[in-house]
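[1] here is a sequence together with a model predicted from it:
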Amino acid sequence: MSGGTLTDIANAVVDEYGCRETVVADVDKLIVDAIRGAVALRAVADDLLARLTAQAERVGTAKRSGMSLRELLCANGLAPAVASRLIRLGRALQVLPRLSRHSRNGSVSAEHLDAVARGVEHVARRTGESVDSEAITALEGSLIGHAVAGTAPAEIVERARAVAIELTTDSTNADDPDRLPPAEDSSLNELDWRAGDDGRLRGTFELDALTGERLITALDTASRPRSEPDGSDDLRPATRRRADAFAQLLEVGSRGLAPDALSGPPRTEILVTIPVEVDTTTLTAGTASLTWMGPITQLSAKLLSCDARLAGVGLDLNGAPVSVTAPERLFTGAARKVVLLRDRGCIKCGAPASWCDVHHIVHHVDGGPTTVDNGCLLCRSCHTAVHHNGWDIVMGADRHPWLIPPTTVDPQQRPLPAYNRRTMRLDDPIAA
């Protein structure tokens with residue numbers, strides 16, 4: 001490294017390899033030395049940026065510019081994530097002396113030093129230790145040792161979290177042996193988020209073991225692969241499936257947040273289908289049917305009406321519910337219930353009905369009415385596909401929705417029946 005620039009070293013590598021045909025190991029050593037020197041140079045530059053960032057914060061440079069400190073850094077060429085890291089590191093350099101020394105001499109990368117700073121901050125916050133306490137000083141030295149040894153930044157933070165649990169457990173066991181350990185203490189849960197410069201939301205969370213188990217279980221169940229309408233495998237990667245599942249869980253949860261959801265009396269609503277020609281006042285055995293369990297007797301229908309809200313829906317000769325008109329833009333009340341009864345779930349992928357929106361087949365902005373014959377169930381991801389990815393939906397002569405795939409999926413755009421009717425092997429052509 002000594003006695004030449006990086007360009008000189010690169011030229012030396014070419015000369016050694018191309019002109020004098022030295023041993024490959026010598027060439028590799030030159031390349032590795034150059035990489036090591038460049039990394040050290042980068043670390044020194046990051047240290048300088050972190051200290052300048054701290055100085056700008058102390059004297060109020062960003063505020064006088066009408067920007068936040070992060071915005072000031074981004075305006076001068078830094079990516080948002082790098083700007084946030086330098087702000088954290090600049091603050092840590094002022095209170096953690098060992099961290100400051102390693103940053104100044106360029107022996108450890110800014111990413112590793114940031115992990116040490118975040119780990120120390122986490123332990124101090126969780127345990128109530130002051131930054132200049134012996135425990136924090138010992139932790140700082142331990143984490144820097146891991147950073148120097150090349151431990152990954154994420155693992156350094158995890159080690160700090162383990163230390164926080166150990167320290168908290170030791171103190172709580174001494175005071176109250178029956179108290180929950182931190183890993184199971186929901187009072188320590190945290191969730192934070194921020195809107196990125198690209199308009200997307202990013203966040204972090206830390207949950208107790210039980211809440212974490214519930215979250216993973218819910219997402220695991222809701223993110224299992226679902227076949228495409230043509231029977232092919234689900235092409236979404238696992239991360240996309242989990243994101244879709246999380247969005248659906250939020251959708252379902254928000255629908256249940258009625259004002260009396262936590263304090264009001266429990267309500268059960270049972271949907272019963274009844275043929276159009278049957279007089280509802282003279283039901284006979286088998287004429288009424290439940291959504292999931294099938295036909296029921298008159299006695300059972302009356303029994304249900306004692307402790308549940310009972311809604312009757314008529315069916316025509318094709319088994320399609322009689323149209324119910326609603327004046328509102330959104331499908332609510334009886335109209336929504338009838339669409340749920342007919343489609344049972346997302347007509348494209350089969351996701352549960354509780355995950356779905358009711359989509360206007362003829363868009364509402366184009367004059368489409370909010371009626372059963374102009375509505376169908378689509379989960380949020382399939383709803384997006386219909387609006388943005390070329391899928392179309394028409395109502396067939398059988399008064400059930402049919403899917404028209406884009407040419408990228410089927411060049412002939414052959415109609416597909418709704419998901420719940422594909423198992424019936426319906427291959428009849430639809431009528432306009």
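    Received the coordinates, thanks. Numbering: from 1, shown residues only.
[2] now for the longest helix belonging to the chain, which elements pack on it?
    Using DSSP state H, we find that the single longest helix of the chain is helix 24-59. Counting by 3 or more Cβ pairs under 8 Å, 6 or more residues apart in numbering; DSSP states H and E, the packing neighbours recorded for helix 24-59 are helix 6-14, helix 69-75, helix 80-93, helix 97-104, helix 110-127. The C-beta positions use only the backbone N, C-alpha and C, and glycine is treated the same way.
[3] would you mark the buried spots in the helix or strand that comes right after it?
    Next helix or strand after helix 24-59 toward the C-terminus (DSSP states H and E): helix 61-64. For helix 61-64, burial by neighbour count (16 or more other Cβ atoms under 10 Å) applies to A62.
[4] outside of helix 61-64, which residues touch it?
    Helix 61-64 is contacted by residues Q55, A56, S68, L69, E71, L72 when judged by Cβ atoms under 8 Å, 6 or more residues apart in numbering.
[5] for D46, see how far away the fourth one is.
    Going back to what we said before, that points to L69. 16 Å (Cβ to Cβ, to the nearest Å).
[6] likewise for the third one?
    Using Cβ to Cβ, S68 is found at 20 Å from D46.
[7] one more: the fifth one?
    From E71 over to D46 the distance is 20 Å, taken as Cβ to Cβ.
[8] and those two? Which one has more around it.
    For E71 versus D46, neighbours defined as other Cβ atoms under 10 Å are more numerous around D46 (21 against 15).
[9] please name the nearest non-neighbouring residue to the more buried one.
    A110 (3.6 Å; Cβ to Cβ, 6 or more residues apart in numbering).
[10] and if you look at C349?
    Nearest one to C349, counting by Cβ to Cβ, 6+ apart, is R226 at 4.9 Å.
[11] swap in H383?
    D357 (5.4 Å).
[12] now do T204
    That would be D192: by Cβ to Cβ, 6+ apart, it lies 5.6 Å from T204.
[13] sorry, back to before: most packed of the helices and strands packed on helix 24-59?
    Greatest average neighbour count among those goes to helix 110-127 (a mean of 22), per mean count of other Cβ atoms under 10 Å.
[14] just checking, next helix/strand downstream of it?
    Following helix 110-127 in sequence, per DSSP H and E, is helix 134-148.
[15] so that next one versus helix 80-93, what angle?
    The directions of helix 134-148 and helix 80-93 differ by 130 degrees, with axes from the mean of the first three to the mean of the last three Cα atoms, to 10 degrees as the criterion.
[16] between the two ends of stretch 121-136, what distance do you get?
    End-to-end distance for stretch 121-136, by Cα to Cα, to the nearest Å: 9 Å.
[17] please apply the same query to stretch 396-403.
    Per Cα to Cα, stretch 396-403 runs 10 Å from first to last residue.
[18] quick one: mean pLDDT over it.
    Averaging pLDDT along stretch 396-403 yields 92.
[19] buried sites along that stretch?
    For stretch 396-403, by 16+ other Cβ under 10 Å, it's G396, D398, R399, H400, P401, W402, L403.
[20] the first one contacts W402, doesn't it?
    Yes. Here G396 reaches W402: they are 4.8 Å apart, a contact under Cβ atoms under 8 Å.
[21] ok, for S186, nearest residue in space, not its chain neighbours?
    Nearest non-adjacent residue to S186, counting by Cβ to Cβ, 6+ apart: D208, 4.7 Å away.
[22] now that neighbour: how far from R240?
    For D208, the distance to R240 - Cβ to Cβ - is 27 Å.
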